[in-house]
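Visitor: Below are the sequence and a predicted model; questions follow.
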Amino acid sequence: MNGNKASLARKLWQYAGKPLLLVLLSAAVGTGLLVLSEFLPAEPMDRNLARSADIFEATGKFPNLHTWCSSRLDNYSDAIMLQIAGNVSAERPVEYAMLSRYPVLGELDPVQSIVAHYAGGEPYEGWAPYARYWHGYGVIYRLLLQFLDYHKIRLLNMAAQIALMLYICFRLFRAGSRGRGMIPPLLISWGMLAPVVMGLNLEYSLGFYVSLFSVLAMLRLSRKGSLREKEALVLLFSGICTAYWDVLTYPMAALGLPLAAAFFLDPEEKPGRALARLFRLGLAWGAGYGLMWVSKWLIGTALTGYNAVEEGLSTFLLRTGEEAYGEAVTVGETLWRNLVYFFRTPVSFLFLAWLLGAGFLLVRRAVQTRASARTLGRLLLPWLLIACIPFAWCAVTKNHAYIHDWLASKAFIVTTTALLCGLDRARRALPEPDRAA
């Protein structure tokens, strides 16, 4: 009896107590970093924001880099993030860190207000709270704005993404046959996002970095032989970091990409175990993401008196609602908008060609080895489930995904990555054909 109680206590600690403690510690550290960043000098940030006004004036809210593919930049959100980062107070650091205010100037949107304030000399009229998110990016941007303007930050962002992607490909190559097959799916999926667009937009990059570093963590664990032991921890922190850095762009990428990496590097061929593993890892990510996000509402409300819980809940209900632009929208309409936006790129032809090629090689191997359709279904099951994650997200967040299709559609890199990886991994799981026969 005592042994059973001890075993139950260990399981409760492992699956509930430890994750909760890690979320609480992350929330405490995240709060501390935001408060400390409020003490950074405001003058250099203000000068660099002034130097950044010209690019907002020249390009507007949502410029498109090209007419022949999906290439919209979200300057609107970038403007808000920079304004929040530049609004610091050493006198009231806790209040400013928790409320994350951005300036208001009449009826002007954030892009117009930056231009009017810094290029036109008009004073801001007030500050609007944006307390439902952590806005953890402010810690990094406040440091960067000490030395760089928006132009240089975007160039640095682009260089960092290219370097990180190349490093991941290098590590996959060094992993040998178990990792090299993931390089083309990852590069093709990155191409679907238009790397130049990703590099030039800060908002798009927040969750993307979390996704890539999570993949890198899976690679490291695989190299050390401890992937199965610690993969849930990677997913937990991926959810935590997404809630801290991101502002509801395409968070499913931070779930789906590390999931794909985990199953590619250490596949699970038995359907029951694969489903259990997917559920366990998905639950770890969801716990990190949901608990970390809600902790911001609670901490913000407790420290400032502002009702961040009400703001967060009302926004949650809005974004998961059935209406967009005042009209009811269906899941089908939402998915169509997102799929059309995501696949409107010449890279889609490369994806389709690779998909057909990988599918042909899998079918040929199945015929040669006389593998049944049931065997193929068993091998492809976890990959198909991972590929469906963005579809499920669009179905749950119809309002957000419908209105912000240029954001939410980026989650479909999970679908392209999972499909290409799954076909390759399923083929490798089948036995080599008997050449002699």
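Guide: Looks like it came in fine.

Visitor: When you work out contacts or count neighbours from here on, use the C-alpha atoms and nothing else.
Guide: OK.

Visitor: Point to the helix or strand of the chain where mean pLDDT is at its lowest.
Guide: Least confident helix or strand of the chain, by mean pLDDT, DSSP states H and E, is helix 2-12 with a mean of 69.

Visitor: what element comes up after that helix heading to the C-terminus?
Guide: Per DSSP states H and E, the first helix or strand lying C-terminal to helix 2-12 is helix 18-37.

Visitor: center of this structure - which residue?
Guide: Gly207 (3.0 Å; CA atoms, centre = their mean).

Visitor: which residues sit in contact with it?
Guide: Taking CA atoms under 8 Å, 6 or more residues apart in numbering, we find Gly207 in contact with Thr242, Trp245, Asp246, Thr249, Tyr250, Pro251, Ala253, Ala254.

Visitor: Would it be right to say that it lies in a strand?
Guide: No - counting by DSSP: H, G, I helix; E, B strand; the rest coil, Gly207 is not found in a strand; it is helix.

Visitor: Could you report the pLDDT at it?
Guide: Note on Gly207: pLDDT of 94.

Visitor: cool, and Leu356?
Guide: At Leu356 the predicted local confidence, pLDDT, stands at 98.

Visitor: Which strands or helices does the helix or strand containing it pack on?
Guide: Element membership of Leu356 [criterion: DSSP H and E] is helix 347-369. Where contact means 3 or more CA pairs under 8 Å, 6 or more residues apart in numbering; DSSP states H and E, helix 347-369 is packed against helix 183-192, helix 413-429.

Visitor: can you list those helices in JSON lines and add mean pLDDT, distance to Leu379 and mean neighbour count?
Guide: Output for these, formatted as JSON lines (pLDDT from 0 to 100; distance: least, CA to CA, whole Å; neighbours: other CA atoms under 10 Å):
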{"stretch": "helix 183-192", "mean pLDDT": "97", "distance to Leu379": "18", "mean neighbour count": "20"}
{"stretch": "helix 413-429", "mean pLDDT": "96", "distance to Leu379": "5", "mean neighbour count": "24"}
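
Visitor: how about TSV for those helices, with distance to Tyr167 added?
Guide: Formatted as TSV, the helices and strands packed on helix 347-369 follow (distance: least, CA to CA, whole Å):
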stretch	distance to Tyr167
helix 183-192	11
helix 413-429	18
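
Visitor: all helices for the stretch 151-300 of the chain, in order.
Guide: When secondary structure is read from DSSP state H, counting those that start in this stretch, the stretch 151-300 of the chain shows helices at 177-180, 183-192, 195-200, 202-224, 227-245, 253-265, 271-304.

Visitor: Quick one: closest of these to Phe349.
Guide: Nearest to Phe349, of all the helices of the stretch 151-300 of the chain, is helix 183-192, at 10.1 Å by CA to CA.

Visitor: what residue ranges in the protein are flagged as low confidence?
Guide: Applying pLDDT under 70 to the chain flags the ranges 1-6, 8, 434-437.

Visitor: Quickly list the domain ranges of it.
Guide: Domain assignment for the chain, taken from automatic domain parsing, gives 31-140, 149-429.

Visitor: So for Pro19, which of those domains sits nearest?
Guide: domain 149-429 (7.5 Å).

Visitor: Number of residues surrounding the spatially closest residue to Arg142 that is not a sequence neighbour?
Guide: Leaving aside its chain neighbours, Arg142 sits nearest to Ala85 (5.5 Å; criterion: CA to CA, 6 or more residues apart in numbering). Using other CA atoms under 10 Å, Ala85 is surrounded by 28 other residues.
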